[in-house]
Structures are given as C-alpha cells and as structure tokens.
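In: the following comprises the amino acid sequence and a computationally predicted model.
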Amino acid sequence: RGKKQDRGNELKRNSAMNILAKKTSVIRGVSRSFVSSIRRNIAVGSDLTTSTTTFQKARPWDMINNDANLEANNVVTMKDLFQDKRVAVFGVPAPFTGTCTNEHYPGYKETQDDFLEVVDEVVCYSVADPYAHYNWGKAMDNDFSKISFLADTECEFAKEHDLDRDYSGASLGHRSARFSMIVDNGIVTSFNIVEDAVKDAKTLLEQAKN
C-alpha cells in the first residue's frame, strides 16, 4: 500500500510539473510575440534622412550600356527619396509572390491617382534584386511614373529598423516584413505593420489625407 501511495504521489507531482511547464511555455510564447510586435516597427517621428542606408532603382538589365547596370549609377539615398517631399511607402516581402501580387499591390494600383493628390510619390519597397523587382512591376503593368519601385538589395533598411524576417521556410531567405508608412520631409508620420494586405492601400490613403 505504501508503494502504491508513493506511486500516486509521484504521478501527481509529474502531472503538476507538466501543467507548469505548459503554462511557462505559453507565457514565453506570448512574451516573444509581444516583443516581436514592439520591435518590428518604425516609430512615428523618426527622421529617415539621417540614415546612410541606400536603395537601388528597380530597372531592366541593359544589354548595350553596361554602365546602366552599375550599382553606383542607380543609388537612391534617404535624402533623395524623402527630403522636401511627402512620400507613401508600402513594403512587400518579395516580388512575384502570391499575397504581394494578388492582394497587396493591386490596392495601390487602384488608388495611385488618389494618393498622388496628397503625396508627391508612391513607392513599392522590397528586399530584392532591382531586376526582379522591376520585372515584377512590369508583369503587373505598373506605371513607374506613378508607383516607383525601389530595392533593398542587402536587406540593410529592413535590418536597420528591425523589419527583417526569416522566410527561409518558403525558400525566400531574409526579407522585410509587410509594412506601409507616410513620410513627410523625412519624418515618419504614420507606420503600419500590415496584417490585411487587401485593405492596406485604403488604410494608408486615409492616413495620408489626415
């Protein structure tokens, strides 16, 4: 009987320890999610023109003039992009991917003229090479005079602002989180981590109008 009682006590202890372990795991998971949601954003009021990070103009590969392909000839600095202008930026994880192509970009194409009534430029940003980014825009019949495509070739901007994410599970490597923002003369006036790609353009347009 003593052995049975000891065995029963042991089972109770193990059960209690399992419950505690599960609760601890949940708490840690919530903590990780909470920290993640805080880190992955650009604070309103940030001055992006102070950064030395640069983008590359999305472009086709030039088979005749090789100088047109050079990185140095296609640099866009933060001051080039944002100084003395009001700019709407939407960031997508990768060109030619499903949500980016079918849900995120279309809303901006539909509202591009509305945006250009309240901002000077609309930019589609992605961690990508500039040639894939350009050809993705071309495949969607993008008007590059209305929506500029800029590439963060080394994920530097994303990493600088803790927006980088590991999409290796989808064979994409490190890319940017999906986001959108309004930048007025270099100052971030609104910033969104995008959960609903379909609604993002309308959300950012309303923010741009305020």
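Out: Sure thing, it's come through. Residues are numbered from 1 along each chain as shown.
In: can you report phi and psi for the residue nearest to S168 when sequence neighbours are not counted?
Out: Leaving aside its chain neighbours, S168 sits nearest to H174 (7.7 Å; criterion: CB to CB, 6 or more residues apart in numbering). Glycine gets a C-beta too; all of them are placed from N, C-alpha and C. Main-chain torsions, H174, degrees, to the nearest 10: phi -90, psi 130.
In: count of neighbours near H174?
Out: Using other CB atoms under 10 Å, H174 is surrounded by 14 other residues.
In: who is it paired with across the strands?
Out: Beta-bridge pairing for H174 (DSSP bridges): D166.
In: adjust the sequence numbering to begin at 123 for everything that follows.
Out: I'll keep to 123 as the first residue from here, and by that count the last item is H296.
In: surely it is in contact with Y289?
Out: Yes - using CB atoms under 8 Å, H296 is in contact with Y289, at 7.2 Å.
In: mind listing what the nearest residue to D242 once chain neighbours are set aside touches?
Out: Once flanking residues are discounted, D242 sits nearest to K207: 4.3 Å by CB to CB, 6+ apart. Residues near K207 by CB atoms under 8 Å, 6 or more residues apart in numbering: 242-243, 307.
In: now S298: how far from G229?
Out: 18 Å (CB to CB, to the nearest Å).
In: which one of those two has more residues nearby?
Out: Neighbour count, other CB under 10 Å: between S298 and G229, S298 has more, with 24 against 19.
In: next, count neighbours for the nearest residue to that one once chain neighbours are set aside.
Out: Closest residue to S298 apart from its sequence neighbours, by CB to CB, 6+ apart: A280 at 4.0 Å. Residues near A280, counting by other CB under 10 Å, number 24.
In: repeat that for D318.
Out: With other CB under 10 Å as criterion, D318 counts 12.
In: what secondary structure does A210 sit in?
Out: strand (DSSP: H, G, I helix; E, B strand; the rest coil).
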